[in-house]
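Asker: no sequence on this one, just coordinates:
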C-alpha cells in the first residue's frame, strides 16, 4: 500500500472506532403507522426500533475521512493503488466485525503506453491530452494520473481529415449522409452525451471512419450550464472525460470471457473473436482542444441540433483541419479485486440481499464512484452497530465492492457469472449505488415491482437541508416531468371507457452502465439503482477529487449521511420483511402501458406509409391479457400478505429471461428490459419488438412478440400458482 494511503488508512481506523461510540446524527426517523410493506404490526415495530440505529450512526466526518483515503491517489482498475483501496475496504469491514474477503479475477485491461494528438494541417500544433493544474487543487497538479485515453480502444496511428458528427447517434450519421458528407477514411469528431461512448465508436467504425475523437461540449456540461471549475462545478476547458469504449450493449464484462467467469484456467477468446471491442483507435479530448479542430472545419453549416456552445458557427467538415492521432496501448491480463462482505441470516441464510458499489476510478473518483464507497462503509458501520445491539437479519446480506466497473462492469459481471448457478436461487434482490453523491437531487430506477417499497423507504429519510422526506422532492419532480404524458393518457382512457389513474411518480427503468446489469439483464434478479445527483462537470476527469466535492457538492458531507441512511433502510427491510415486498401489480400495469406505447409507435409509422406492403402488423392481444393476469395475480398476493408467496415472488423476475438470449446479443437475456442496442445506457422496453419496429422488420417483430408473450405467460402462471396463505 502506498505510504500516504497507508497513513490515512491507519488514522481512519481509529476515527471509525471513535465514531461508532458517537450517538448524534441527522435525519430523524419519521414515525409512520405500522405496518411497513412486508411486515405485520409486531415485526414492523421491532424493525423501526432497530432502524433508529441506522438513522443515527452515519457521521459526516467518518464519511469524509473514508473519501479522503479512497481518493488520495488515482486508482485505475488493476493498479497497485486500486489494490490498496481493496485492502482498505476489506480491513474497514473487518474492523466493524464483519466477515470480508477479497475475490480476484484476471481480466483484459489496457493502459496507455503512448497517446498523442496533433493538428498537422493547416498548421502544426500538438493538442493536449491532460488537464491543466488548478490553483488550490493539489490533485490536479499530480503527475500520477494517466493522460486521456479510452479503455479498450484499438491501437492505431492515423492521419486524416475531420468530420463533425454531433453526438454520433444513428440519426446524426444519417443527417450527414443526406448532406452528402461521408466519414469513410476520415476521423470523426463527436461530442459526449445521449448514448454510451463505445457505441459512438462502433457506429463510426461501421461507416468506414479510421478514428474517433470524443469531447464534452460546453453546451452539455460546461460554461453554458453555469460557472466552470474552479469557480463553479461545471466543466473546465481542459477537463477530459475518460471512459471505456467497449460495445456495452453487446456484452459487458471481460471481453475474453463473454458469458463465463474470468477465473484461473478459463477459456479465453482471441482479440479477433471478441465482438464487443473496437477495431479503430479513439481518444477523449477537452472542449478547449476540440475548439481548435472545430474552428477549422469547412463544409455546410451544421443541421438543427448539431450546434454546440463554442463561440462560432459549427460546420460538419471536412475542411482544412487534418489531425494525426496515435494510440499505443499496453494490453495485458491483469488482476482485479472485488471485496465481498457477508452478514449471515438468522432464519433464511440461503436467501441473500445483495448490494454493491464499484471502487475503481479513472482518476481520483470523489464523485464517481467513491462517494458511493464512502457511503457504503457508513452503511456497513450502521449495520455493525445494529448487530452489536442484538439485531440479526432474517436473510443474509452480501455487501460488494466491485472492481473494474469503469472498463465495462468487469468485477460485478465476473462475480455474477462465477456464481450464475446459485445466485438466481439465492439472491432475492440487488441494490446498486454508483456515484452516491453528485448533488442534492434524489433519484432512483429499478424494476416496477420494487417501486412501492423504494418510495416508502424514501419517506422515512430526511433531506439534511430541507428536513423533509427525500421522497417529497423526488415525487414532485417526477410528476411534473410526466404531467403532459399523463394528461394525454387520461384523455385516451376516458375515450376508451377505462378507469382514471392518478399521476403517480414512477421509478425509471434500468438500462446499463452500472453494476446492476448482470443481476437484472442476465440472471433475472430484481434490481435497483439510486443516488443524489446535481451539477457535475468533472465526470471522469482529473478534477473529480475531494476538492471539487468539498467546494461544490457536499461540503458538510450531509448527503453522504442521507444516502447511507436510505441504503441501510432498504437493505435491512428487504432482509427482514417476513413477506418480500415485491409488487407485481405494478409490473403488470407497467407492461400494459408499454404495450400501448409500442402500438402507438407502430401506428405512427404506418400512418406515414402510403404503400400498404410496408406497413407493420402488431397484435398485442395475448401480451395484454398476460400482463393483466400478472397485475391481477400480483394484487391478490399483495392483499394476502403471506410468507408462503415468497418463493414465487423471488422466481418471477427470471421468467422474463430468454435462455438463449436476445437476438444478436445473447449475453443479454431479459425480454422486458435491456440497454438499447444503439444507446448503451438508456433502457429499451421490449428490446426485441422495439428493435424490430426500428428496423421495420416484420419477421423479427412477430418472433419478438411470440417470445415476449411466452415470457409474460410464464410469469403470470407462476404468480397465479403461488400460495396466498
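Answerer: Done, it's in. Since the model is a prediction, treat every value here as computed from it, not as a measurement.
Asker: what mean pLDDT does stretch 193-208 have?
Answerer: When pLDDT is averaged over stretch 193-208, the result is 96.
Asker: so who does residue 557 touch?
Answerer: With contacts defined as CB atoms under 8 Å, 6 or more residues apart in numbering, residue 557 is in contact with 60, 61, 63, 64, 67. Using the backbone N, CA and C atoms, a C-beta is placed for each residue, glycine as well.
Asker: what's the burial count for the nearest residue to it once chain neighbours are set aside?
Answerer: By the measure of CB to CB, 6 or more residues apart in numbering, the closest residue to residue 557 outside its immediate chain neighbours is residue 60, 3.7 Å from it. Burial of residue 60, expressed as a neighbour count using other CB atoms under 10 Å, amounts to 20.
Asker: distance of residue 60 from residue 378?
Answerer: The gap separating residue 60 from residue 378 is 9 Å, by CB to CB, to the nearest Å.
Asker: about what we covered before: okay if I get the contacts of residue 557 as JSON lines plus pLDDT?
Answerer: Compiled in JSON lines, those are given as follows (pLDDT from 0 to 100):
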{"residue": "60", "pLDDT": "96"}
{"residue": "61", "pLDDT": "97"}
{"residue": "63", "pLDDT": "98"}
{"residue": "64", "pLDDT": "98"}
{"residue": "67", "pLDDT": "98"}
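Asker: buried subset of those residues?
Answerer: Buried residues within those, counting neighbours by 16 or more other CB atoms under 10 Å: 60, 63, 64, 67.
Asker: now the second one: which helix or strand?
Answerer: Here residue 63 sits within helix 60-70, counting by DSSP states H and E.
Asker: what angle do the helix or strand just after that helix and helix 60-70 make?
Answerer: Beyond helix 60-70 in the direction of the C-terminus, DSSP H and E gives the next helix or strand as helix 80-95. Between helix 80-95 and helix 60-70, the angle comes out at 150 degrees (axes from the mean of the first three to the mean of the last three CA atoms, to 10 degrees).
Asker: so which bits of helix 80-95 are buried?
Answerer: Buried residues in helix 80-95, counting neighbours by 16+ other CB under 10 Å, are found at 81-90, 92-93, 95.
Asker: and the next element down the chain from it?
Answerer: As assigned by DSSP H and E, the chain's next helix or strand after helix 80-95 is strand 99-121.
Asker: quick check: mean pLDDT of that following strand?
Answerer: Here strand 99-121 scores 98 as its mean pLDDT.
Asker: what packs against that strand?
Answerer: If contacts are counted by 3 or more CB pairs under 8 Å, 6 or more residues apart in numbering; DSSP states H and E, strand 99-121 sits against helix 80-95, strand 125-127, strand 282-285, helix 287-294, strand 322-343, helix 410-418.
Asker: including mean pLDDT and distance to residue 353, could those go into JSON lines?
Answerer: What follows is these, written out as JSON lines (pLDDT from 0 to 100; distance: least, CB to CB, whole Å):
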{"stretch": "helix 80-95", "mean pLDDT": "98", "distance to residue 353": "16"}
{"stretch": "strand 125-127", "mean pLDDT": "98", "distance to residue 353": "49"}
{"stretch": "strand 282-285", "mean pLDDT": "98", "distance to residue 353": "37"}
{"stretch": "helix 287-294", "mean pLDDT": "98", "distance to residue 353": "43"}
{"stretch": "strand 322-343", "mean pLDDT": "98", "distance to residue 353": "9"}
{"stretch": "helix 410-418", "mean pLDDT": "98", "distance to residue 353": "15"}
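Asker: of these, which is nearest residue 157?
Answerer: strand 322-343 (4.7 Å; CB to CB).
Asker: what about the strands in the stretch 201-350 of the chain?
Answerer: Listed from the start of the chain, the stretch 201-350 of the chain has strands (DSSP state E, counting those that start in this stretch) covering 211-215, 243-244, 282-285, 322-343, 348-358.
Asker: in TSV, list the ones you listed along with distance to residue 702.
Answerer: As requested, the strands of the stretch 201-350 of the chain are arranged in TSV below (distance: least, CB to CB, whole Å):
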stretch	distance to residue 702
strand 211-215	36
strand 243-244	36
strand 282-285	38
strand 322-343	42
strand 348-358	37
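Asker: would you turn those into JSON lines with mean neighbour count?
Answerer: Formatted as JSON lines, these follow (neighbours: other CB atoms under 10 Å):
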{"stretch": "strand 211-215", "mean neighbour count": "27"}
{"stretch": "strand 243-244", "mean neighbour count": "24"}
{"stretch": "strand 282-285", "mean neighbour count": "27"}
{"stretch": "strand 322-343", "mean neighbour count": "20"}
{"stretch": "strand 348-358", "mean neighbour count": "23"}
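Asker: which one of the ones you listed lies closest to residue 508?
Answerer: Ranked by CB to CB, the member of the strands of the stretch 201-350 of the chain that lies closest to residue 508 is strand 348-358, at 19.2 Å.
Asker: against which helices or strands is the closest one packed?
Answerer: Strand 348-358 is packed against helix 370-388, strand 395-402, helix 410-418, helix 423-426, strand 427-432, helix 558-576, with contacts defined by 3+ CB pairs under 8 Å, 6+ apart.
Asker: put together JSON lines for these, with distance to residue 528 and mean neighbour count on each row.
Answerer: As requested, these are arranged in JSON lines below (distance: least, CB to CB, whole Å; neighbours: other CB atoms under 10 Å):
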{"stretch": "helix 370-388", "distance to residue 528": "14", "mean neighbour count": "26"}
{"stretch": "strand 395-402", "distance to residue 528": "15", "mean neighbour count": "25"}
{"stretch": "helix 410-418", "distance to residue 528": "14", "mean neighbour count": "27"}
{"stretch": "helix 423-426", "distance to residue 528": "16", "mean neighbour count": "18"}
{"stretch": "strand 427-432", "distance to residue 528": "6", "mean neighbour count": "26"}
{"stretch": "helix 558-576", "distance to residue 528": "8", "mean neighbour count": "27"}
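Asker: for the ones you listed, which has the smallest mean pLDDT value?
Answerer: Of all the helices and strands packed on strand 348-358, the segment with the smallest mean pLDDT is helix 423-426, scoring a mean of 94.
Asker: so how far is it off the chain centroid?
Answerer: Chain-centre distance of helix 423-426: 22 Å, with CA atoms, centre = their mean, to the nearest Å.
Asker: you'd agree residue 154 is in a helix?
Answerer: No - inclusion of residue 154 in a helix is not indicated when DSSP: H, G, I helix; E, B strand; the rest coil is applied; the result is coil.
Asker: contacts only, for it.
Answerer: Residue 154 makes contact with 277, 278, 279, 280, 281, 282, 327 under the criterion CB under 8 Å, 6+ apart.
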